[in-house]
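J.: For reference, the sequence and a predicted model appear below.
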Amino acid sequence: MANQYFKFKKFIINQNNCAMKVGTDGVLIGAWVDCIDKKRILDIGTGSGLISLMMAQRSKAVIDAIEIDNNSFSQAKENILNSDWGNRINIFNISFQEFNKNKSNLYNLIVTNPPYFINSLKANTPERTNARHNNLLTHSDLLAGVDKLLTKEGVFCLILPYEQTQGFIKLAENYGFYCTKILKVKPTPEKKPKRALIELRREKIKYEENVLIIEKSKRHDYTKEYKELTKDFYLAF
């Protein structure tokens, strides 16, 4: 199988023209989010369509997926149409800001693996810069749009670099969102957390905090916890 294809247990991702390739971040958020009982889901910045496909596999929801990059949109559309859930996933080639201007539907769950580099060196192509840097979708734009589109009891989930976690949670409170769950992700036992998976709701309650270690000391020697989280998707597990 060619390198541009990434095979999961129940679907195949063709990521040939996607600015952001399949990575651990997308798999983590797609496996971690509680989506089983959700009716309508919004996936912001779907890239290859990975998270939408994982949500569709885990739920019976109708899913709207947004992707601003033309090449990634085309590839995600192909991946979705070639899956078993193409009739439940709608994909839009549009910015989130434009999408939420005229959107009347509300969502029980909004999920995103957003652009997260702030004030850092840009990538060598505009497409990769837009996918990886938040110059087109700031945290404030993201939260303002989610505030408009999320139901009163809805859940907003995302993954961020760990060092941005507290700043984002503080900013989210300005929009009436409060952290209810955090999963700190460590590459190996001896390393500091690199990512944080965050769940936010409009209700202010004491949040749940856990740690996930991906690998043991050796490369590709995955922990029992990581295998358990992702076993429904990876062929290797």
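T.: Nice, thanks for sending it over.
J.: which residues does L142 contact?
T.: Applying CB atoms under 8 Å, 6 or more residues apart in numbering, we find L142 in contact with 44, 96, 112, 114. For the C-beta atoms, the positions are set from N, CA and C on the backbone; glycine is no exception.
J.: Dihedrals phi and psi, it?
T.: Reported as degrees, to the nearest 10, the phi and psi values for L142 are phi -60, psi -50.
J.: So which residues of this structure form strands?
T.: Taking DSSP state E as the criterion, the chain carries its strands at 5-7, 12-14, 40-44, 62-66, 89-92, 107-112, 150-161, 178-186, 195-201, 208-213.
J.: got the angle between the longest one and strand 195-201?
T.: Our comparison of strand 150-161 with strand 195-201, counting by axes from the mean of the first three to the mean of the last three CA atoms, to 10 degrees, yields an angle of 170 degrees.
J.: which outside residues touch strand 150-161?
T.: Judged by CB under 8 Å, 6+ apart, the contacts made with strand 150-161 from elsewhere in the structure are 25, 28-29, 32-34, 38, 106-114, 116, 146, 168, 177, 180, 194-202.
J.: now it and strand 107-112, what's the angle there?
T.: Per the same axes, to 10 degrees, the angle that strand 150-161 makes with strand 107-112 is 20 degrees.
J.: show me where the protein has helices.
T.: If you assign secondary structure with DSSP state H, the helices in the chain sit at 24-32, 50-58, 70-81, 96-102, 126-132, 139-149, 165-173, 224-230.
J.: residues touching L200, list them.
T.: 155-157, 169, 172, 177-180.
J.: most surrounded residue in the residues you listed?
T.: If you count neighbours using other CB atoms under 10 Å, the busiest of these is F156, which has 27 neighbours.
J.: Poorly predicted segments of this protein, please.
T.: For the chain, applying pLDDT under 70 flags the ranges 1-3, 116-135.
J.: do that again at 50, thanks
T.: Along the chain, the model assigns pLDDT under 50 to residues 1-2, 117-123, 125-134.
J.: ok, back up a step: which among the contacts of strand 150-161 end up buried?
T.: In terms of neighbour count (16 or more other CB atoms under 10 Å), the buried residues within the contacts of strand 150-161 are 25, 28-29, 32-33, 38, 107-114, 116, 146, 168, 177, 180, 194-202.
J.: Noted, bye for now.
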